[in-house]
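Colleague: quick one: sequence and predicted model below, then my questions.
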Amino acid sequence: MKYFIRVMKALSEPNRVRILKLLWSRELCVCELQELLGLAQSTVSKHMRLLEDAGLITGRRDGAWVIYAINEAPAIEYAETMLGILEHWLDDDALLREMNKRLPFINRLQISAGVKASQIEEE
């Protein structure tokens with residue numbers, strides 16, 4: 001039961017669900033998610049830790065960044081099942097559609113240089 005509860009807890013918060021939906025589009029680091037969600041770095045990091053502990057995402061180091069992706073082979077059966085279902089849900093969510101529109105303008109190198117995505121979109 002503990003694995004079931006771990007997965008359900010990870011999916012019980014809207015921003016964590018949004019993170020998963022964004023990760024289906026592409027791999028992202030914390031600073032990119034922070035820019036998209038408008039949350040503090042520490043908050044995004046906590047969300048990522050819960051999602052990773054539930055087996056829903058994986059992280060790999062790339063220089064100074066940890067790059068996160070959907071876990072393609074979760075060891076927890078509940079994670080695999082919920083990822084399969086969630087992948088096809090919420091595509092009509094207005095906030096997620098807006099975030100996906102902004103996604104091509106989000107770049108960790110530009111964020112670390114202090115360039116905001118809104119500045120890039122205007123150019």
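Modeller: Looks like it arrived, so ask away.
Colleague: switch to C-alpha atoms for all contacts and neighbour counts from now on
Modeller: OK.
Colleague: could you pull out the helices for this protein?
Modeller: In the chain, the helices defined using DSSP state H lie at 2-10, 14-23, 30-37, 41-53, 77-86, 94-102, 108-112, 117-122.
Colleague: what would the ones you listed look like in TSV with distance to Tyr68?
Modeller: Listed next are these as TSV, based on distance: least, Cα to Cα, whole Å:
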stretch	distance to Tyr68
helix 2-10	15
helix 14-23	8
helix 30-37	8
helix 41-53	8
helix 77-86	15
helix 94-102	16
helix 108-112	13
helix 117-122	20
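Colleague: buried deepest among these, which one?
Modeller: helix 30-37 (a mean of 21; mean count of other Cα atoms under 10 Å).
Colleague: what packs against it?
Modeller: When contacts are defined as 3 or more Cα pairs under 8 Å, 6 or more residues apart in numbering; DSSP states H and E, helix 30-37 packs onto helix 41-53, strand 65-70, helix 94-102, helix 108-112.
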